[in-house]
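Student: When you get a sec, could you give me coordinates for this:
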Amino acid sequence: MIKELKLALECLSEHKAEDIAVLDVSQKTPFATFYVLTTCINERALDSTANILADDFRKGGFTVDAVDGKPETGWIVVKANEVVVHLFTDKQRKTIDLDTLFLEAKKIKVPTKKSK
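Tutor: Numbers count the residues shown, from 1 in each chain. Purely as a prediction, here's the structure:
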């Protein structure tokens, strides 16, 4: 697992993001290796989690290529190198449905605290 992905998963888990899915999109898109899809409980949590994640990437020595979206849209994207993290509210995750759009992408098992 690449370091950016590991850092993202640790941050999201620590900040109570829900329903985390990791997709290997290396064969689907030229600008990323992994998409991380996750749900935040509300717009406030979405905003703070995106900011904390971007800060954690920077503190970890990674370049944050983009932080796009606004909490009121229910979708914020944070990109660091080959990892693109899509943070959604529950409603927007169901509406945009990247989980189905990238159904053919290889799913990567997300480690839980018990399996560390």
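
Student: what comes up buried for stretch 54-73?
Tutor: Ala54, Asp56, Phe57, Phe62, Asp65, Val67, Gly69, Pro71 (16 or more other Cβ atoms under 10 Å). C-beta: built from backbone N, CA, C; applies to glycine.

Student: and the third one, what is it in contact with?
Tutor: What that stands for is Phe57. Phe57 makes contact with Glu4, Leu7, Ala8, Thr63, Val64, Val78, Ala80, according to Cβ atoms under 8 Å, 6 or more residues apart in numbering.

Student: Ile76 in helix, strand or coil?
Tutor: strand (DSSP: H, G, I helix; E, B strand; the rest coil).

Student: Touching, Lys28 and Phe102? I think so.
Tutor: Yes - Lys28 lies in contact with Phe102 (Cβ atoms under 8 Å); the separation is 6.3 Å.

Student: What sits closest to Gly74 if chain neighbours are left out?
Tutor: In this structure, Gly74 finds its nearest non-sequential neighbour in Gln92, 3.2 Å apart by Cβ to Cβ, 6 or more residues apart in numbering.

Student: Am I right that that neighbour is in contact with Pro71?
Tutor: No - using Cβ under 8 Å, Gln92 is not in contact with Pro71; the gap is 10.5 Å.

Student: can you list residues touching both of the two?
Tutor: Counting by Cβ under 8 Å, 6+ apart, Gln92 and Pro71 have no contacts in common.

Student: Show me what the mean pLDDT comes to for the longest helix along the chain.
Tutor: Assignment by DSSP state H gives helix 43-59 as the longest helix of the chain. The average of the pLDDT scores along helix 43-59 is 97.
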